[in-house]
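Chemist: predicted model and sequence below, questions to follow.
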Amino acid sequence: MTNTKLLSSVQMAHFVSHGSLRLDSVVPPELNVVGIETLRNGVPGVPYGSSVPDAYPEGSFAGLLLEIPEIAGALRSLVGPEPSVDHHAVHIREPRKGQAQPLHGDAIIDVRTDAFDVQLMYYPQDVTLDMGGTLSVPGSHLRRTNESDTGRYQNLRGQSRLVCPAGTVVFLHHGLWHGGRRNDSDAVRYMFKIRFNPTVRQLRLWDTSDLGDPRVSTKLSTTFPWYEQATGRLEIYNRVLLWRSLTGDDSFDLEHWVSRVSNRPEKRAA
């Protein structure tokens with residue numbers, strides 16, 4: 001991953017607050033053609049923990065996909081150099097068949113606050129609303145749940161149904177609530193997912209030249225319509241903890257959310 005375009009601090013803050021980052025049309029049309037054919041034929045599984053070169057040899061479709069500068073840069077910014085491959089999956093939705101997936105996170109209970117896996121989702125064709133693209137709930141990734149505990153929830157305010165141009169790639173935090181929708185169009189819908197595990201500490205892996213940009217705090221302060229008035233504040237608190245871990249700056253805070261509850265003076269009163 002030498003030819004990369006690293007994410008900015010503002011983009012990283014967006015990922016930390018939203019739980020996802022979308023790159024529209026980053027895959028060229030000619031590779032999308034190869035992508036559809038590859039997904040149609042299936043992609044053999046790889047052993048858990050495989051290195052990227054072992055999982056996707058030079059010249060393979062997935063290898064070419066991960067060499068695209070914007071994709072390589074985002075991946076390095078999020079999980080660092082030489083991540084391992086957790087697993088991958090090809091999702092094919094036939095026309096006017098199947099049913100919508102329940103909302104879920106792609107992990108059992110995960111209590112990590114200082115690390116996360118990333119899922120790359122690639123869409124080789126235009127995805128229209130009736131094709132039933134991935135539904136996700138922005139800002140849900142840091143709420144601790146157990147995989148499909150959220151499956152009973154339907155139509156949360158502020159949820160996002162993916163509509164995108166061909167060649168779009170979305171990076172998801174492994175905890176983000178999401179689910180594939182039913183395909184009500186006349187076209188077959190394809191999607192390729194790869195989950196990556198970091199092999200280094202996720203500390204300042206992106207382009208930090210704009211770390212002091214005021215938009216960083218603005219992004220990290222984003223709220224979403226489905227948040228409860230009280231519990232929703234906990235999402236902000238957890239973001240601060242994650243941002244402190246990602247930057248190595250234990251003094252960072254938003255509206256003193258973390259500072260006030262971690263205040264334990266050691267000085268004895270006179």
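Modeler: Right, received. Where do you want to start? Numbering: from 1, shown residues only.
Chemist: what about residue 234, neighbour count?
Modeler: Neighbourhood size, residue 234 [other Cβ atoms under 10 Å]: 14. Using the backbone N, CA and C atoms, a C-beta is placed for each residue, glycine as well.
Chemist: which secondary structure element contains residue 242?
Modeler: Residue 242 is part of helix 232-247, with elements assigned from DSSP states H and E.
Chemist: packing partners for the following helix or strand past that helix?
Modeler: As assigned by DSSP H and E, the chain's next helix or strand after helix 232-247 is helix 257-261. Judged by 3 or more Cβ pairs under 8 Å, 6 or more residues apart in numbering; DSSP states H and E, helix 257-261 is in contact with helix 232-247.
Chemist: give me the buried positions along the helix it packs on.
Modeler: Using 16 or more other Cβ atoms under 10 Å as the test for burial, helix 232-247 gives 235-236, 238-247.
Chemist: could you dump those into TSV with pLDDT added?
Modeler: Below are the buried residues of helix 232-247 laid out as TSV (pLDDT from 0 to 100):
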residue	pLDDT
235	93
236	94
238	94
239	95
240	97
241	95
242	97
243	97
244	97
245	97
246	98
247	98
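Chemist: would you turn the residues you listed into TSV with distance to residue 166?
Modeler: Formatted as TSV, the buried residues of helix 232-247 follow (distance: Cβ to Cβ, whole Å):
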residue	distance to residue 166
235	33
236	36
238	35
239	32
240	37
241	37
242	32
243	33
244	38
245	36
246	32
247	35
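Chemist: report the contact partners of residue 113.
Modeler: Going by Cβ atoms under 8 Å, 6 or more residues apart in numbering, residue 113 touches 238, 241-242, 245.
Chemist: also residue 203?
Modeler: Applying Cβ under 8 Å, 6+ apart, one finds that residue 203 lies in contact with 245-248.
Chemist: residue 267 - how many residues pack around it?
Modeler: Neighbours of residue 267 using other Cβ under 10 Å come to 5.
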